[in-house]
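Enquirer: Next comes the sequence, and after it the predicted model I'd like to discuss.
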Amino acid sequence: MSAQADDKHVVPMLGGNPPIRSPEDTTAHDDKVSNNDDKDESDAGDGIAKKEPISLGSKSKGVIEMEALQAKMNLKWRIILYTFFMFAAYSLSLDQSTATVYLNYAVSKGFKLHSLQASVSVVSSIFSAMAPTPIAKCADYFGRIYAEAACLIFYVVGQALMASANGIVQFSAGSSIHTLGIAGIFMLHNIIISDISSLRNRYWWHVAPAVPQVFNSVLGADVAKSMLGYGSEFNSWRWGIAMFCILIPPIILPILATLWIGTRPEKAIRQDLKVIKRERAARLPLRERFWIDAKDFFWKLDVIGLALFVAGIGLFLVTLTLANSKFNKWSDAHTIAQLVVGVLLTIGFAVWERWFAPIPMVPFALMKRRTIVGCCLIALIYPLAGRCVGTYLYTYIQVAANQSQLSATRITNFPSIGGWVTAVMGALIARRFRFLKPIIIFGLALQTLATGLMLRYRTSHSSQGELAVIQVLRGASTGFISYPVQALLQAAAPHEHLAIVTAGWLAIYYVAMAIGSAIAGAMWTNIVPDKLEEYLQGNATLAASAYKDPLTYATKWKVGTWQRDGVAHAQDDAQRAMVITGTCLSFVGLLVAIFVLENLRLTDDVTLKESEEYITNQEKKQKKAMTVAIARDGPAPDPAPTH
């Protein structure tokens, strides 16, 4: 980093503004510092040198706290933290695996508004995509502990609102708040694990606590069925949701307690901080202190950038999600307007961050690094390919391939199970050989192969075994892609920017999933209806019935009749187009991994020295930082004279 915190300075432990001292105190302080390091006259405020009004690389409160925790980590603390990370991951995953069932019962049985189920899901998915970036920024500014405590409150309040909802509006509001909480907790645990783990072991520690989630793909349905079996079907879903209000806080609180103990300054430092706070209060009136703190909050949190990002991504996702719905089409004027405004706001965000933000979320120089660009491209391409071949898979397997509901469910779940197995294998390989690029290349090559083989083995004539093997092969590739790509991204970024880079990567991933679903939906809606009329001998009634409700249609006509075979052929044509698109995208992702990613060697440190030096060297070239800081904060104070 461009500025390192002096161990003898107390304020960097908590961040905040520079302390106010009397001339005598300043002189004494400067004498002490000069005895320790004549070359460094760093101010105690933010680890920022007095000669530089601002440094884009100066450490935030969240990073300083995590570095203090990492320095204190021992085996006992690691066991406590990772054990509760595992419990939290499993419990939150169980919540997610049962949420769809409870949502269905709530809107259908409880509120008698089944048609609005999709709307609630859409709102929740949009919140899950927008939440990571603001939460990561708050985690840097306020600290990881406060950010996680806030997310826990969001989670509990959201669950309570859903469980006690008397209408769909209250339920939807609770679902949105709950999504903020659960998405934030997942991401913060990801970031905290990255803060306290070495680069060599990070892939492993991201995977290991989450492995028990694999059982929820099977157990989730049984848990939901058990909860719904008690009491009235109109209200039994309420306890299914409410039980997580009771279950999750006792699991998260030990994590918060451990973090608080590990990041709390020593008693002497806390006393010094109280003195500094009293001196500041005595020398600055309340109104002036308020405006200083408000400006600090506004610029360091990059409120303008966050507003542009959330508004732009939100509108973009709303448009993509709703454009192919029953009441909205791509050709509608309001759809086009929403898409244009969303794109313009997103472009405005990029322009603001590049040329106008005094303290941007991520330094633009970092976005020019090959590995950062490559990981972001893979975060865009990989979900696109996956959603293209997976969005309508369940319907296709049950209708065109004539598989039972149980068989279709199992086949669609195979990628999840296979992905966990290969993720563990990849983590152990990375820990042994210390490189991630070969693992990522192998994963994308495997995905390209699996998707390409679908042209031959995912058809209406494919056997159950062929369909299952292709899904297992596709699932095996996932364990070698998402986790190592994220670990490589974090290795290419300095510790100060780890949280926001991870959140940005997740945002791209979620947006890509929405785009992939939109592409698959566009193919389905533009291919299947025309092909149905062609293969069903021009019978518009049969074509409309087969398109509107293919699962019910399949129960009316046996395999071998022209009415059923026509539907299978129509879906075959749509799937072929989706598979070709997915294969091409997977191959592009493979090329990105080969030619763009750097083969960084993983060390036993939290961050790579070359990543820290890279951003420091790039920041020295940004002359605008000093001029913008002077305009924002005023000239830097002259050092007090020494005697």
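Expert: On my side now, so go ahead.

Enquirer: which residues touch the closest residue in space to Thr346 that isn't next to it in sequence?
Expert: Nearest non-adjacent residue to Thr346, counting by CB to CB, 6 or more residues apart in numbering: Gly312, 3.6 Å away. (C-beta placed from N, C-alpha, C; glycine too.) With contact set as CB atoms under 8 Å, 6 or more residues apart in numbering, Gly312 has these partners: Gly342, Val343, Leu344, Leu345, Thr346, Ile347, Gly348, Phe349.

Enquirer: Surely the fifth one is within a helix?
Expert: In other words, Thr346. Yes: Thr346: assigned to a helix according to DSSP: H, G, I helix; E, B strand; the rest coil.

Enquirer: any idea which helix or strand of the chain has the worst average confidence?
Expert: The helix or strand of the chain with the poorest confidence is helix 23-36; it has a mean of 39 (mean pLDDT, DSSP states H and E).

Enquirer: Send over the helix or strand following it as CSV, restricted to the C-alpha atoms.
Expert: Moving toward the C-terminus from helix 23-36, the next helix or strand (DSSP states H and E) is helix 61-72. Provided in CSV are the C-alpha atoms of helix 61-72 (Å, rounded to 0.1, in the frame of the first residue of the first chain):
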residue,chain,number,x,y,z
LYS,A,61,-11.1,0.8,9.2
GLY,A,62,-12.4,-2.6,8.1
VAL,A,63,-9.1,-3.6,6.6
ILE,A,64,-7.1,-2.4,9.6
GLU,A,65,-9.3,-4.3,12.0
MET,A,66,-9.0,-7.5,10.0
GLU,A,67,-5.2,-7.2,9.8
ALA,A,68,-5.2,-6.8,13.6
LEU,A,69,-7.4,-10.0,13.9
GLN,A,70,-5.2,-11.9,11.5
ALA,A,71,-2.1,-11.1,13.5
LYS,A,72,-3.8,-12.6,16.6
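
Enquirer: which helices and strands sit right next to helix 61-72?
Expert: Applying 3 or more CB pairs under 8 Å, 6 or more residues apart in numbering; DSSP states H and E, we find helix 61-72 packed against helix 132-141, helix 144-163, helix 168-196, helix 236-263, helix 498-535.

Enquirer: ok, 6 Å please
Expert: Counting contacts by 3 or more CB pairs under 6 Å, 6 or more residues apart in numbering; DSSP states H and E, helix 61-72 is packed against helix 236-263.

Enquirer: which parts of the helix it packs on are buried?
Expert: Under the neighbour-count criterion of 16 or more other CB atoms under 10 Å, helix 236-263 has 236-238, 240-245, 248, 251-252, 255-256, 258-259, 262-263 buried.

Enquirer: to the chain's geometric centre, what's the distance from the helix or strand hosting Ala570?
Expert: Taking DSSP H and E as the definition, Ala570 sits inside helix 562-595. How far helix 562-595 lies from its chain's middle: 27 Å, per CA atoms, centre = their mean, to the nearest Å.

Enquirer: what does the average pLDDT come to for it?
Expert: Per-region confidence: helix 562-595 scores 95 on mean pLDDT.

Enquirer: One more: stretch 295-304?
Expert: Stretch 295-304 comes out at a mean pLDDT of 88.

Enquirer: which parts of that stretch are buried?
Expert: Buried residues in stretch 295-304 (16+ other CB under 10 Å): Asp296, Trp299, Lys300, Leu301, Asp302, Ile304.

Enquirer: what does stretch 399-407 give?
Expert: So, applying 16+ other CB under 10 Å, buried residues of stretch 399-407: Val399, Ala400, Ala401, Asn402, Gln403, Ser407.

Enquirer: Below-threshold pLDDT in this structure: ranges please.
Expert: Counting by pLDDT under 70, the chain has low-confidence residues at 1-58, 114-118, 231-234, 269-270, 272-273, 323-328, 616-643.

Enquirer: Skipping its backbone neighbours, what lies nearest the residue nearest in space to the middle of it in space?
Expert: The centre of the chain sits closest to Leu506, judged by CA atoms, centre = their mean, with a distance of 3.4 Å. Ranked by CB to CB, 6+ apart and with sequence neighbours excluded, the top spatial neighbour of Leu506 is Pro132, at 4.6 Å.

Enquirer: Who are the contact partners of the one you found?
Expert: Met187, Ala503, Leu506, Ala507 (CB atoms under 6 Å, 6 or more residues apart in numbering).

Enquirer: Same question for Ala476.
Expert: Ala476 touches Gly418, Thr422, counting by CB under 6 Å, 6+ apart.

Enquirer: The residue nearest to Ile336 when sequence neighbours are not counted and Gly390, how far apart?
Expert: Excluding the flanking residues, the one nearest Ile336 by CB to CB, 6+ apart is Trp330, at 7.8 Å. Look at Trp330 and Gly390: by CB to CB, to the nearest Å, they are 22 Å apart.

Enquirer: Could you do Gly220 as well?
Expert: Separation of Gly220 from Gly390 (CB to CB) stands at 19 Å.

Enquirer: can you check Leu489 too?
Expert: To Gly390, Leu489 is 24 Å away according to CB to CB.

Enquirer: likewise Ala165?
Expert: Between Ala165 and Gly390 the computed distance is 31 Å (CB to CB).

Enquirer: and this protein, what are its domains?
Expert: With domains defined by the TED database, the chain comprises 58-264, 303-357, 363-628.

Enquirer: Same list (the ones you listed) but as JSON lines, adding distance to Arg280.
Expert: What follows is those, written out as JSON lines (distance: least, CB to CB, whole Å):
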{"stretch": "domain 58-264", "distance to Arg280": "17"}
{"stretch": "domain 303-357", "distance to Arg280": "24"}
{"stretch": "domain 363-628", "distance to Arg280": "25"}
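
Enquirer: right, so of the ones you listed, which gets closest to Lys274?
Expert: domain 58-264 (13.9 Å; CB to CB).

Enquirer: For the closest one, what is the distance to the chain centroid?
Expert: The answer for domain 58-264 is 12 Å, by CA atoms, centre = their mean.

Enquirer: Tell me the buried residues in stretch 81-88?
Expert: Within stretch 81-88, judged by 16+ other CB under 10 Å, the buried ones are Leu81, Tyr82, Phe84, Phe85, Met86, Phe87, Ala88.

Enquirer: Ok, stretch 280-294 next?
Expert: Across stretch 280-294, burial judged by 16+ other CB under 10 Å covers Arg280.

Enquirer: circling back to that earlier point, out of Trp330 and Gly390, which sits in the more crowded spot?
Expert: Gly390 (20 against 14; other CB atoms under 10 Å).

Enquirer: returning to that earlier point: packing partners of the helix holding Ala570?
Expert: helix 370-390, helix 437-457, helix 498-535.

Enquirer: helix, strand or coil for Lys329?
Expert: Assignment for Lys329 (three-state DSSP): coil.

Enquirer: so who does the closest residue to Ile481 other than its chain neighbours touch?
Expert: Closest residue to Ile481 apart from its sequence neighbours, by CB to CB, 6+ apart: Gly443 at 4.1 Å. The neighbourhood of Gly443, defined by CB under 6 Å, 6+ apart, consists of Ser477, Phe480, Ile481.

Enquirer: ok, then the element right after the helix or strand where the first one lies?
Expert: In this structure, Ser477 is located in helix 464-478 according to DSSP H and E. Tracing the chain past helix 464-478, the next element assigned as helix or strand by DSSP H and E is helix 482-491.

Enquirer: by how many degrees do that following helix and helix 370-390 diverge?
Expert: Comparing the axes of helix 482-491 and helix 370-390 via axes from the mean of the first three to the mean of the last three CA atoms, to 10 degrees yields an angle of 160 degrees.
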